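>>> turn this into a structure:
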Amino acid sequence: MFSLRKPSEAAVRRFLSSQEDLPFSYENVGASREGAAPSGYAVDRYRVRLGEGPEAYARAVEALRGWRQFDLGWTWLLPPGAPIEVGATVGVLARHYGFWSLNTARIAYLVEGPGEVERFGFGYGTLPGHAERGEERFGVEWNREDGSVYYDVFAFSRPKHLLVWPGYPFARLLQKRFRRDSTRAMVEAVAREEMRHA
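I've put the predicted structure just below:
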């Protein structure tokens, strides 16, 4: 959904509701869990160190549960505070270069597990109301051996329609911007929580 004006709350609710029972718009649902991408998709992967130790990991999990990676000033997760659970349908509202876009996705799987490297995260995939097709995995991990805590993202995507291909370089620029701002938001969220609890 694209608009020159910010969509109303009612329009957002209607749009999200219209997507809830629709299937994913791509094949290989769940492929991002293992860092795999079907052929023909652009791949993005990035990691940033958030801190060290169990407290930093707990703050990172809290930030991810709160969708802090979308607190960028130009993107908003809708509905705010959506639960991190399989089947949850969400919208990402973005304002860029004079227009608004609203894209829908659904959480396809969760990543949870203790071990030498403890992980928490989830993968969500595009629905028919999204301008692209693909999947994105957001995660945080704590390596117990060296104490390091990381934010890790893996995604694969491509335009949904052939007519969108001419605008694909613009979409890739937005993805690059999201990568930069999302990692900064997670670093700041974990650091802010550290200062608050100090």
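>>> in a strand, Gly81, correct?
No. Per DSSP: H, G, I helix; E, B strand; the rest coil, Gly81 lies outside any strand segment and is coil.
>>> return the residues in contact with it.
Contacts for Gly81 (Cβ atoms under 8 Å, 6 or more residues apart in numbering) come out as Gly66, Trp67. C-beta here means a position set from N, CA and C on the backbone, and glycine is covered the same way.
>>> report all helices and strands that the longest strand seen in the chain contacts.
Secondary structure assigned by DSSP state E gives strand 99-113 as the longest strand of the chain. Using 3 or more Cβ pairs under 8 Å, 6 or more residues apart in numbering; DSSP states H and E, the elements in contact with strand 99-113 are strand 2-3, helix 9-19, strand 89-96, strand 117-126, strand 132-143.
>>> what about the closest residue in space to Leu93 that isn't next to it in sequence, neighbour count?
Nearest residue to Leu93 in three dimensions, chain neighbours excluded: Trp76, at 4.6 Å (Cβ to Cβ, 6 or more residues apart in numbering). By other Cβ atoms under 10 Å, the residues close to Trp76 number 19.
>>> what distance do you get for Trp76 to Val187?
20 Å (Cβ to Cβ, to the nearest Å).
>>> can you give me the buried ones in stretch 12-24?
Of all the residues in stretch 12-24, those buried under the rule 16 or more other Cβ atoms under 10 Å are Val12, Phe15, Leu16, Gln19, Phe24.
>>> is the last one in a helix, a strand, or coil?
Phe24 carries the three-state label coil when classified by three-state DSSP.
>>> looking at the closest residue to it other than its chain neighbours now. What's its pLDDT?
With Cβ to Cβ, 6+ apart as the criterion, Phe24 has its nearest non-adjacent residue at 4.7 Å, and that residue is Gly125. Note on Gly125: pLDDT of 98.
>>> next: Asp44.
For Asp44, pLDDT reads 93.
>>> re the thing from before, check the contact between the residue nearest to Phe24 and Ala31; I expect there is one.
No. With contact defined as Cβ atoms under 8 Å, Gly125 does not reach Ala31; the gap is 9.3 Å.
>>> could you list the buried residues of the host helix or strand of the residue nearest to Leu93?
Element membership for Trp76, per DSSP states H and E: strand 75-78. The neighbour-count check on strand 75-78 (16+ other Cβ under 10 Å) flags Thr75, Trp76, Leu77, Leu78 as buried.
>>> now the two most distant members of those residues.
Thr75 and Leu78 (10.1 Å; Cβ to Cβ).
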